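Engineer: Predicted model, plus sequence, below.
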Amino acid sequence: MKLGRRKLLFALPFGLVSLTCPLLPARSESFSGRVSVNEKQAASPLENSCGINADDSAREKINKYNAYLNENPDFNWAVHNELRHLYITTGDERSSLEHCDILLHFSLADEYILNILSGWKIGHDSNKAISNLLYYTKAYPDLKYLEAACFVEMGDLYAGLGNRKQAREVYLQVIELRGTIASRYAFLAQARLETLEHTV
């Protein structure tokens, strides 16, 4: 199975740096962890490097991926994404969302993760997508990258629906995070708000 590539944005002292890293193929899943019956495939290079066996349970895979992260502390999108998926399949939403938070920290407004959090409603049912994203901001307000990313996406969705007032209110909520750990999202929200206000 060939791995794709994805671009990531990293915050370094001298600014944002874009890197390309391996990406696991997108799963046909909702956040509930459901996977299509065609999902079963041979072990990927990532699984091999983490010592994952085909007959490992979800818990065994979680332990091996976490051990890999302990030994390799540099950010790895694919490993965190696998843990995100595995935790939700075991019913541990909190741990799954903690990995979403990490992913949204290092991968600014990650489209794939936001699509999952929206229940794959972005581009199909904006009102439902907003409702799904809002749930996570209320249920896990301590996960600041997740909260900020969801709010920015909600602002974009409101703007797309022509609800400029609500879009502005949501963007302003994120702008208030300037100076916090989620300040990159504050700058992103500021840019989106300026675009909104200059759009007729």
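Structural biologist: Okay, I see it. Numbers count the residues shown, from 1 in each chain.

Engineer: In terms of helices and strands, where is the residue sitting nearest the centre point of the chain?
Structural biologist: In the chain, the residue lying closest to the centroid (Cα atoms, centre = their mean) is residue 113, at 3.0 Å. With elements taken from DSSP states H and E, the one containing residue 113 is helix 111-117.

Engineer: Show me how far that helix is from its chain's centre.
Structural biologist: The chain centroid and the centroid of helix 111-117 are separated by 5 Å, computed with Cα atoms, centre = their mean, to the nearest Å.

Engineer: Send me the helix or strand that it is followed by as PDB with only the CA atoms.
Structural biologist: Remark: after helix 111-117, the chain's next helix or strand is helix 126-139, criterion DSSP H and E. Output of helix 126-139 as PDB, limited to C-alpha atoms (Å, rounded to 0.1, in the frame of the first residue of the first chain):
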ATOM      1  CA  SER A 126     -23.300  23.000   6.800                       C
ATOM      2  CA  ASN A 127     -25.800  23.300   9.600                       C
ATOM      3  CA  LYS A 128     -25.100  19.700  10.800                       C
ATOM      4  CA  ALA A 129     -21.400  20.200  10.400                       C
ATOM      5  CA  ILE A 130     -21.600  23.300  12.700                       C
ATOM      6  CA  SER A 131     -23.600  21.400  15.200                       C
ATOM      7  CA  ASN A 132     -21.100  18.600  15.300                       C
ATOM      8  CA  LEU A 133     -18.100  20.900  15.600                       C
ATOM      9  CA  LEU A 134     -19.900  22.900  18.300                       C
ATOM     10  CA  TYR A 135     -20.300  19.800  20.400                       C
ATOM     11  CA  TYR A 136     -16.600  19.300  20.700                       C
ATOM     12  CA  THR A 137     -15.900  22.900  21.700                       C
ATOM     13  CA  LYS A 138     -18.400  22.600  24.500                       C
ATOM     14  CA  ALA A 139     -17.500  19.100  25.600                       C
END
